[in-house]
Structure formats: structure tokens, C-alpha cells
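Novice: The following block contains a protein sequence and its predicted model.
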Amino acid sequence: MGVLKLKSEKKKKERNQKETKIDYEKCIKKTKVRDNVFVKETVENDFDIRIFMKTDHSSNKIRQLNYAKLVKGIRKNKNLIPNNIEKIIEIYGLGIVEEDKNIRNYSSKIFYHLINNINYDKFFGKIKTCLFHSLKIEKVDLKILNLELCHKFFFTKISYCNKFFYEFLNNILDCFISLSIEKQIQNVKYIFLLFKHKAKYKRQKRKLLQEHGI
């Protein structure tokens, strides 16, 4: 009787183990799929251009938070710009012409991250186009801030921008003559600095050619 009871208990234990056995490999695979879907959705939402655009229904406060979140993300993740460069340039282009000073300032931070993290003429052209467009906005104090960015871009990426010297000069002059006399006097330095950097670049290039006997 005791033997039968032991056999019965053994069979019951084996049956319970069989029923409750977990296929951990399958569970891990399922978890990975769910994680991938979640990450993809997060990235797409972060770079949905609509959340950065100005519309009749959008709140400036929410848009400010979206720009702040993007700047913070760029600082934390070095791959964010290379992996999403075209969308980030578009977001920067929207913000740089914004009359909301906070959004414009966040956009200028994105600008500095862009010129420090990319080195492709194709994207420089897009940044340049956005900058020139930003010199035509009506708000004078922001226009002058964008004039400074324009000069910074020329100075930082001079080997690229030297090819477009007269394009830079024309756009800066157009902006300059739209300012009051007082503002012109305060900001005439940007025109002189443009020529100064061009001359400096030419000297450096000439010296380099001489060193190589060209």
C-alpha cells in the first residue's frame, strides 16, 4: 500500500513539473520583440515634425518642452544627430525663424550641436539655407542673434563657406540694411569679420601650398 502511494505521488510530481515547465528561450524572444517595437515608437514620436510646428492649436509651452527635450537628448546620445540628421536640421530650421525667444534659443543650441557633429557639404547647404532665411524675420533682436550664428557658421566651417563668400556677404548685407542706423553701427563688425576670415583662410591656404611646393 505504501509503495503504491509513493508511486502515485511521484507520478503526480512529474506531471506537475511537466505542466509548469517554462520555455525561457521563447519568453526572451517575445520580450525582445516587444522592446524593439516600443523603442521604434519612441524614436518616431520624438521626431514627429508636427510637435515642433507652430499651428493655431499648438501651445508654445509644449513646443518649448519638445525643443528642450530634443536638446537634452542630443547632449546625452552622441548618435542622435547622425541617425536622425535630416529631421533634426528640419526642426532647427523651424525654430530658428520662431518669434518665441525660448524656442529660437533652443534651436540655436541645436545649430551648435549640428556644426560640431557633422562634416558633410550636403547638410551644410541645408543649414546655410535655414540661416539665410532666418535673417529675413521681422523681430530685430532675434534677427541680430541669427546674424551672429551666420558669422559663426562661416568662421567654424570656413573651408566650406569660403566657396560661398559672396552669397554670405549678400545675405548679411541685405539683413544689415534692414536694421536701424543704431543697430547697423552696433553690428557692422560682422561684415568686417567676414572679410577678415576670408583673408586669413587665403593666407593659410597659400602657406600650405608653399610648404608642399605646389
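Specialist: Nice, I can see it.
Novice: does Lys207 count as helix, strand or coil?
Specialist: helix (DSSP: H, G, I helix; E, B strand; the rest coil).
Novice: which residues in this protein form helices?
Specialist: Secondary structure of the chain, counting by DSSP state H: helices at 2-20, 24-46, 60-76, 80-83, 85-96, 101-117, 121-134, 140-156, 158-161, 165-177, 181-187, 189-211.
Novice: Kindly present those as CSV, with separate columns for mean pLDDT and distance to Lys54.
Specialist: Quick note: C-beta positions are derived from backbone N, CA and C, even for glycine. Formatted as CSV, the helices of the chain follow (pLDDT from 0 to 100; distance: least, C-beta to C-beta, whole Å):
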stretch, mean pLDDT, distance to Lys54
helix 2-20, 58, 58
helix 24-46, 41, 19
helix 60-76, 91, 7
helix 80-83, 90, 23
helix 85-96, 93, 8
helix 101-117, 94, 9
helix 121-134, 93, 15
helix 140-156, 94, 14
helix 158-161, 88, 29
helix 165-177, 95, 22
helix 181-187, 94, 26
helix 189-211, 89, 28
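Novice: Columns mean neighbour count on top of the ones you listed, output as TSV?
Specialist: Below are the helices of the chain laid out as TSV (neighbours: other C-beta atoms under 10 Å):
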stretch	mean neighbour count
helix 2-20	9
helix 24-46	10
helix 60-76	16
helix 80-83	15
helix 85-96	20
helix 101-117	19
helix 121-134	17
helix 140-156	18
helix 158-161	16
helix 165-177	15
helix 181-187	12
helix 189-211	13
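Novice: can you put those in JSON lines and add distance to Phe52?
Specialist: As requested, these are arranged in JSON lines below (distance: least, C-beta to C-beta, whole Å):
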{"stretch": "helix 2-20", "distance to Phe52": "51"}
{"stretch": "helix 24-46", "distance to Phe52": "10"}
{"stretch": "helix 60-76", "distance to Phe52": "6"}
{"stretch": "helix 80-83", "distance to Phe52": "15"}
{"stretch": "helix 85-96", "distance to Phe52": "5"}
{"stretch": "helix 101-117", "distance to Phe52": "8"}
{"stretch": "helix 121-134", "distance to Phe52": "13"}
{"stretch": "helix 140-156", "distance to Phe52": "17"}
{"stretch": "helix 158-161", "distance to Phe52": "27"}
{"stretch": "helix 165-177", "distance to Phe52": "24"}
{"stretch": "helix 181-187", "distance to Phe52": "29"}
{"stretch": "helix 189-211", "distance to Phe52": "28"}
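Novice: Can you say which of the ones you listed is nearest to Met53?
Specialist: helix 85-96 (6.2 Å; C-beta to C-beta).
Novice: what's the angle between the closest one and helix 101-117?
Specialist: Put simply, helix 85-96 runs at 140 degrees to helix 101-117, going by axes from the mean of the first three to the mean of the last three C-alpha atoms, to 10 degrees.
Novice: Look up how far Gly73 lies from the residue nearest to Phe52 when sequence neighbours are not counted.
Specialist: In this structure, Phe52 finds its nearest non-sequential neighbour in Ile91, 5.0 Å apart by C-beta to C-beta, 6 or more residues apart in numbering. According to C-beta to C-beta, to the nearest Å, Ile91 stands 11 Å off from Gly73.
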